[in-house]
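Asker: Sequence first, predicted coordinates after that:
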Amino acid sequence: MPLESVLTRIDNEMPKAIERLMELLRIPSISTDPAFKDDCQAAADWLVEDLKSIGVAAEKRQTPGHPMVVGHVKGPGPHLLFYGHYDVQPVDPLELWDAPPFEPALESTPTGQVIRGRGSADDKGQLMTFVEACRAWKAEHGELPCEITFFFEGEEESGSPSLVPFMKQYASELTSDIALICDTGLFESTVPAITTQLRGLLGEDFTVTGPNRDLHSGMYGGIAMNPIRVLTKILAGLHDDTGAVTLPGFYDAVPEVADEIRAQWQGLNFDHKSFLGNVGLHDPAGEHDRTPLEQIWSRPTCDVNGIWGGYTGDGFKTVLPSQASAKLSFRLVGQQDPDLIRESFRSYVESNLPAGFSIEYRTEKGAPASQMSIEDPAFEKARKALSDEWPRPAAYTGCGGSIPIAGYFRDLLGVNAMLIGFGKDDDQIHSPNEKYDLISFQKGTRSWARILDALSRT
């Protein structure tokens, strides 16, 4: 089927596509706030009707939380599953928005037109790029080139409590040849990217307790061990002078990056000095023998996210506190097991507690990293298709953050996931004045049309 006519239709009907996106953006589908429960239902209903308008057998599926939207359409090519989420972050602080967050509008900026409004980039605008690509293809050719399952969630911004049970219940219906996820972006806002590895996450929140009450530093200072001193020594010992994490066994399941991927990363010419300079820093602090992109995408980390204890008000209160606390997070890669990392960390902490000290942990279950296999030919087909659309060739990239859905597709459905998105670094997702560049919306839609075409070819 000719691709060019689909691309032409996308360009010609972009004003209608923008208006459809605006309709969806006007629905305040904030999943974390019970006050917007009906709005989440309305957003799901809107998507069901929109999918039906292009011939998709779609329906809203209720969950204990917000509903899922599931749709199916037959086609001659492979079976693809496309995932996105229709819920959005809260808008606070409202006073920092330049316009009402749920009154979206096109806005001219020095770098081009943008779609301004909550959810424009995360994730309604991204989600609709795929839907609009399917709409144009169906209008041109009467059918889609592949069998497609649409899977839209309404709780991604609130921890996805209903997602895993739903996927287990409907596993046979959601299983496909490959899953497509649209919740990522362009590398440095210019290079199209397929994210192939995501770091996992483990958090530790703990308190060390020494004396049974706060102590007067004049009476007990020097002779009594200070819990803050104990805690800071423990934290300082987590890294050596080269930036490596010191926990026993920490790197045992960490793989090396393939030479082909490392070469692609080097070709991106990542400017780490500018990256750090934008936040007032200068030199990378991670492992000294790793490049900056390796540190961000393919190496595990240990970071202190919060530390407190003793008196922190105005003036001085000269006490040795009874307790000191900290919060840490570990970003995991490869086959690192969150449970084994937690065990190693706790053994390290407890081995450094003085006699008479105790410790209390407050933690949640960790999530392992996700690694997508690019040996699947679909990845290279999609990469070439993206390269045909954008000025710079597409690259396989990593992601320093965590997107659990990719791991769920692998572990629950046995399906490899391909993460492709068109957001930019300055989209201000989760912040006031969120936006999505019009060029991201248009070229993102064209990109999905190209990918559908490429994946449909044997």
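Answerer: Structure received.
Asker: quick one, helices of the stretch 101-250 of the chain?
Answerer: 124-141, 163-169, 171-174, 217-220, 227-236 (DSSP state H, counting those that start in this stretch).
Asker: and these as TSV, adding mean neighbour count and mean pLDDT?
Answerer: Using the backbone N, CA and C atoms, a C-beta is placed for each residue, glycine as well. Below are the helices of the stretch 101-250 of the chain laid out as TSV (neighbours: other CB atoms under 10 Å; pLDDT from 0 to 100):
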stretch	mean neighbour count	mean pLDDT
helix 124-141	24	98
helix 163-169	16	98
helix 171-174	14	98
helix 217-220	13	96
helix 227-236	18	98
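Asker: Would you mind saying which of these lies nearest residue 67?
Answerer: In terms of CB to CB, the element of the helices of the stretch 101-250 of the chain nearest to residue 67 is helix 163-169, at 9.8 Å.
Asker: same for the closest one, what does it pack against?
Answerer: Applying 3 or more CB pairs under 8 Å, 6 or more residues apart in numbering; DSSP states H and E, one finds that helix 163-169 makes contact with helix 404-413.
Asker: Go again with 10 Å.
Answerer: Here helix 163-169 touches strand 68-73, strand 147-153, helix 171-174, helix 404-413, going by 3 or more CB pairs under 10 Å, 6 or more residues apart in numbering; DSSP states H and E.
Asker: Tell me which of those sits most buried.
Answerer: Comparing those by mean neighbour count (mean count of other CB atoms under 10 Å), strand 147-153 ranks first with a mean of 23.
Asker: So which bits of the helix or strand hosting residue 331 are buried?
Answerer: Per DSSP states H and E, residue 331 falls inside strand 323-332. Neighbour-count burial for strand 323-332, counted by 16 or more other CB atoms under 10 Å, picks out 323, 324, 325, 326, 327, 328, 329, 330, 331, 332.
Asker: give me the number of residues near the residue nearest to the first one when sequence neighbours are not counted?
Answerer: Sequence neighbours aside, residue 209 is the residue nearest to residue 323 in space, at 4.9 Å (criterion: CB to CB, 6 or more residues apart in numbering). When neighbours are counted by other CB atoms under 10 Å, residue 209 registers 18.
Asker: Residue 209 against residue 357, yeah?
Answerer: Yes. Counting by CB atoms under 10 Å, residue 357 is a contact partner of residue 209 at 6.6 Å.
Asker: which residues do these two both contact?
Answerer: Listed as contacting both residue 209 and residue 357 by CB atoms under 10 Å, 6 or more residues apart in numbering are 227, 230.
Asker: For stretch 313-333, the averaged confidence score.
Answerer: The average pLDDT within stretch 313-333 is 95.
Asker: tell me how far the ends of that stretch are from each other?
Answerer: 40 Å (CA to CA, to the nearest Å).
Asker: when you give positions from now on, start the count at 90
Answerer: Happy to do that; since the first residue is 90 now, the last one works out to stretch 402-422.
Asker: Run me through the strand neighbours of the helix or strand of the chain with the lowest mean pLDDT, direction for each.
Answerer: Least confident helix or strand, the chain: strand 459-460 with a mean of 87, by mean pLDDT, DSSP states H and E. In the sheet, strand 459-460 lines up against strand 282-287 (antiparallel) (DSSP bridges).
Asker: what's the average pLDDT for the partner strand?
Answerer: 93.
Asker: chain center to that strand: distance?
Answerer: Here the centre of strand 282-287 is set off from its chain's centre by 11 Å, with CA atoms, centre = their mean, to the nearest Å.
Asker: mind listing the helices for the stretch 390-539 of the chain?
Answerer: Per DSSP H, counting those that start in this stretch, the stretch 390-539 of the chain has helices spanning 427-440, 466-478, 493-502, 527-545. These are given in chain order.
Asker: pLDDT averaged over the shortest one - what is it?
Answerer: For helix 493-502, mean pLDDT rounds to 92.
Asker: Next: stretch 380-395.
Answerer: 95.
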